[in-house]
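> Turn this into a structure:
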Amino acid sequence: MKRVSHEPAYVLHHYDWSESSVIVEAFTRSHGRIALVAKGAKRPSSNFRPVLLPLQQLSLSWSGDAEIRTLKSAEWGGGQVMPTGEALLSGYYANELLIRLLAREDAHPRLFDAYATLVHVLAAQEGESLVAAALRAFELLVLREAGHLPALDVQTLTLGALKGDQPYRLVAEGGLRAAHDDDGAWLLGAQWLSLSRALADEAPLTATLQAAAALPGEQRAHLRQQLRELLHYHCGVGTLRTRQLMMDLQSLQAPSSRSKGAAPLP
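Residues are numbered from 1 along each chain as shown. Below you'll find the model as predicted:
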């Protein structure tokens, strides 16, 4: 029986399996996304109960060779406190992307490291603009790792070089192409090239975050719109559950808050 010990991991989601146990969807560095049964985790005396929390780095050990393995131990890996508020919802959004776009037991160590960096950014809560740029960077990395992101340094269909001062649009079925007059969202060739270079960096989330944060405000919104359309297409949904939850929560804000102008969704 295969046994894995002390594997760095994060909990993405868990759901009931029996009256006392839960199934845990975990993202691990060396084994990718895996399903684990945590037996007795719902009991008040369980050692799993206070540890199996989202957005906290853990050290997990498990055994078995079936699709769902048996969790043997879980230890807190230390680090940052739990994000709160909209940062927490942003973390749940990142978790949903991993669940929807990554196959089980397909390792993505660089993406795991990027996710760990994203969690630190969310926990620090250093500003809405930084969180938004970090999410754009993470979206790009998830799409690339899942094989859904075309090269951002050439036009997809023609492999023609991008012109720095010309607009280009990223579309789900056609990749990166020259923008049309009726396209509502696009980036200049120089901006796509900057993102492409950042994705190739040794620390891709940090570099891509910086490239996304350097975009002018309107182009940041254009990048968000294009990535959202691409993600919805490959996830097979009109709206991701966590993003719908964010919109629902904003719609419930007090009238006085809305009149002052609610912060846009990251």
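> which element is the most centrally placed residue in the chain on?
For the chain, the residue nearest the mean C-alpha position is residue 94 (2.9 Å; CA atoms, centre = their mean). With elements delineated by DSSP states H and E, residue 94 resides in helix 85-101, which encompasses its position.
> and the next element down the chain from that helix?
Counting by DSSP H and E, what follows helix 85-101 is helix 109-124.
> The next helix-or-strand element following that following helix - contacts with which helices or strands?
Secondary structure here is assigned by DSSP H and E; on that basis, the next helix or strand after helix 109-124 toward the C-terminus is helix 128-145. With contacts taken as 3 or more CB pairs under 8 Å, 6 or more residues apart in numbering; DSSP states H and E, helix 128-145 sits against helix 85-101, helix 109-124, helix 189-199, helix 204-213, helix 217-235. (Each C-beta comes from the backbone N, C-alpha and C, glycine too.)
> ok, and for helix 128-145, which residues are buried?
By neighbour count on 16 or more other CB atoms under 10 Å, the buried set for helix 128-145 is 130-145.
> So, low pLDDT: which residues of the chain?
When residues are selected by pLDDT under 70, those of the chain lie in 1, 238-239, 243-266.
> any idea how it splits into domains?
Domain segmentation of the chain under automatic domain parsing yields 3-76, 85-255.
> Tell me how far the nearest residue to residue 172 once chain neighbours are set aside lies from residue 180.
Nearest non-adjacent residue to residue 172, counting by CB to CB, 6 or more residues apart in numbering: residue 233, 3.7 Å away. Distance check for residue 233 against residue 180: by CB to CB, to the nearest Å, it reads 18 Å.
> Out of these two, name the residue with the larger neighbour count.
The residue with more neighbours, out of residue 233 and residue 180 and counting by other CB atoms under 10 Å, is residue 233; that gives 13 against 9.
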